[in-house]
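A.B. asks: build me a model from this:
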Amino acid sequence: DKDALNDYLQYGSIVQPKTIYKDASYLMPSHYMVLDKNGLKITRYYSLMDNIKGLDVNYEEAVKITRNKLEEATRYHMVSDVEVGAFLSGGIDSSATVALMQKYSEKKIYTFCIGFKTGQSEVVDELNIAKKTSDILNTNHHEIVIDDKYINNIFDEYVSSMDQPSIDGLNTFIVSKEAATKVKVSISGIGGDEIFAGYPHFEKFSKYPEDKNNIFKIALSSLNKLRPNRVTDRFQYSGLSVEQRIDKLRTLDKILYNNNKIIKNNLTKTKVQRISLHEIDNYLLNTLLRDGDNFSMASSLEVRPVLLDHELVELALSLSDNAKVGKKYLKEIFIESVKDIIPEFVYKREKSGFVMPVVVWMNTILNNRFKTLLDGNFKAILDEKYLKQLRCRVNNKEIIQKD
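C.D. replies: Model prediction:
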């Protein structure tokens, strides 16, 4: 499906309900399908937007309600007839999740974290901070330390575990593969940034007006597409709705981005709620959750995203914008609700994402595989001129991270 392939090249994932295969589509979340003698019927049984309510409580009460709902969701997701572990990075979400799990567990929780062998200066992992956190929380911690040899050994298995392409997911595949040797269920902190406004663009995109009628700023935005510089870059999102800004931010290749994309806005929601809903329906759904499900089940590991308990999500999106985009730090109310059980160095550190050094591997241990694809299957779907540019880059080892 060329439309789905374009999604992948644009966003690094395929936008549901499309799949990479023609005439095959997803059954969307919150729907069920019935096939009988009368035909096929698809029905929606739940709507998040219908369950977002305004909470008339003060800040202190909101913190208490958030903590209570977090504890309730954690207890619920720990119910199992087998041992339950958790993914533990250096972030707030996984640290808070593990801290709550350990509070309700009679024994040490198995925790897992990925890192790289020392000497790889190109990458920064979270092994040290995760180890410090696990020591404080008293978990049964396991570090998964990988190197070039490890990647070379598992890469073909990783690719064969996909039923459609994804730019992300290698880290999930590895941590799931290793965690499955110890547990059959693992809890993840995925979703915290989307529902509690943890990404920097929640503040950036909600702070400034959408400028739909400011001709001067829109002109500078158009100029930025032609000649980007430090002056015009400030106006690259002018004239766009918050949903369009997120789409542009999430686009891998800005050339593919369509500024005129029609996006349905729900103007009764606040800007922060609209950003959350758009992230939930797109990046969270199409990339994070799909990769988590696909690559964990490749190792027969069940992953439970506790922060996406539907009652917790409803609460988070019902909180005021100021409670989440606070004065002290991102997703302030979430941090305030768990700061007594997680280390201070976790919630005070600067936010950073975990990045696999794929570009480095493409120039080294995976280089022959990539060259083979350039000379083979890629010819059927990619422009020959573009392939030639890629081939020159690989041969000269000039691939850079932002590409």
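A.B. asks: next one: the longest helix seen in the chain to chain centre, how far?
C.D. replies: Longest helix of the chain, by residue count under DSSP state H: helix 59-77. Put simply, helix 59-77 sits 23 Å off its chain's centre (C-alpha atoms, centre = their mean, to the nearest Å).
A.B. asks: what is the next helix or strand after it packed up against?
C.D. replies: With elements assigned by DSSP states H and E, the helix or strand that comes after helix 59-77 is strand 84-87. Judged by 3 or more C-beta pairs under 8 Å, 6 or more residues apart in numbering; DSSP states H and E, the packing partners of strand 84-87 are helix 92-103, strand 110-116, helix 170-179, strand 185-188. The C-beta positions use only the backbone N, C-alpha and C, and glycine is treated the same way.
A.B. asks: now with 6 Å, please.
C.D. replies: helix 92-103, strand 110-116, strand 185-188 (3 or more C-beta pairs under 6 Å, 6 or more residues apart in numbering; DSSP states H and E).
A.B. asks: could you give the mean pLDDT of it?
C.D. replies: Strand 84-87 carries an average pLDDT of 96.
A.B. asks: what are the pairing partners of that strand, and which direction each?
C.D. replies: strand 110-116 (parallel), strand 185-188 (parallel) (DSSP bridges).
A.B. asks: residue 376 is nearest to which of those strands?
C.D. replies: The closest of the strands paired with strand 84-87 to residue 376 is strand 110-116. By C-beta to C-beta, the value is 29.9 Å.
A.B. asks: buried set for that closest one?
C.D. replies: Going by neighbour count (16 or more other C-beta atoms under 10 Å), the buried part of strand 110-116 is 110-116.
A.B. asks: circling back to that earlier point, C-alpha coordinates for the longest helix of the chain, PDB please?
C.D. replies: Included here for helix 59-77 are C-alpha records, laid out as PDB according to Å, rounded to 0.1, in the frame of the first residue of the first chain:
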ATOM      1  CA  TYR A  59      -4.300  21.800  43.400                       C
ATOM      2  CA  GLU A  60      -3.700  19.900  46.600                       C
ATOM      3  CA  GLU A  61      -6.800  17.800  46.100                       C
ATOM      4  CA  ALA A  62      -5.900  17.200  42.500                       C
ATOM      5  CA  VAL A  63      -2.500  15.800  43.600                       C
ATOM      6  CA  LYS A  64      -4.200  13.500  46.100                       C
ATOM      7  CA  ILE A  65      -6.700  12.200  43.500                       C
ATOM      8  CA  THR A  66      -3.900  11.600  41.000                       C
ATOM      9  CA  ARG A  67      -1.900   9.600  43.500                       C
ATOM     10  CA  ASN A  68      -4.900   7.500  44.600                       C
ATOM     11  CA  LYS A  69      -5.700   6.700  41.000                       C
ATOM     12  CA  LEU A  70      -2.100   5.800  40.300                       C
ATOM     13  CA  GLU A  71      -2.100   3.400  43.200                       C
ATOM     14  CA  GLU A  72      -5.400   1.900  42.200                       C
ATOM     15  CA  ALA A  73      -4.200   1.300  38.600                       C
ATOM     16  CA  THR A  74      -0.900  -0.200  39.800                       C
ATOM     17  CA  ARG A  75      -2.600  -2.700  42.100                       C
ATOM     18  CA  TYR A  76      -5.000  -3.700  39.300                       C
ATOM     19  CA  HIS A  77      -2.300  -4.200  36.700                       C
END
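A.B. asks: need the residues that contact that helix.
C.D. replies: 100-101, 104, 187, 304, 306, 309, 312, 315, 319, 323, 333, 336-337 (C-beta atoms under 6 Å, 6 or more residues apart in numbering).
A.B. asks: distance to residue 51 added to the buried residues of strand 110-116, as JSON lines?
C.D. replies: Below are the buried residues of strand 110-116 laid out as JSON lines (distance: C-beta to C-beta, whole Å):
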{"residue": "110", "distance to residue 51": "34"}
{"residue": "111", "distance to residue 51": "32"}
{"residue": "112", "distance to residue 51": "33"}
{"residue": "113", "distance to residue 51": "34"}
{"residue": "114", "distance to residue 51": "35"}
{"residue": "115", "distance to residue 51": "39"}
{"residue": "116", "distance to residue 51": "42"}
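A.B. asks: just give me the closest of those residues to residue 165.
C.D. replies: residue 114 (21.6 Å).
A.B. asks: I figured the closest one was touching residue 177, is that so?
C.D. replies: No: assessed by C-beta atoms under 6 Å, residue 114 is found out of contact with residue 177, at 10.5 Å.
A.B. asks: where do the strands of the stretch 301-403 of the chain begin and end?
C.D. replies: 302-305 (DSSP state E, counting those that start in this stretch).
A.B. asks: where in it is pLDDT low?
C.D. replies: 352-354, 393-403 (pLDDT under 70).
A.B. asks: in the protein, which residue is closest to the centre?
C.D. replies: For the chain, residue 288 is the residue whose C-alpha lies nearest the centre (C-alpha atoms, centre = their mean; 4.2 Å).
A.B. asks: how close does it sit to residue 62?
C.D. replies: Going from residue 288 to residue 62 by C-beta to C-beta, to the nearest Å gives 26 Å.
A.B. asks: alright, that wraps it up for me.
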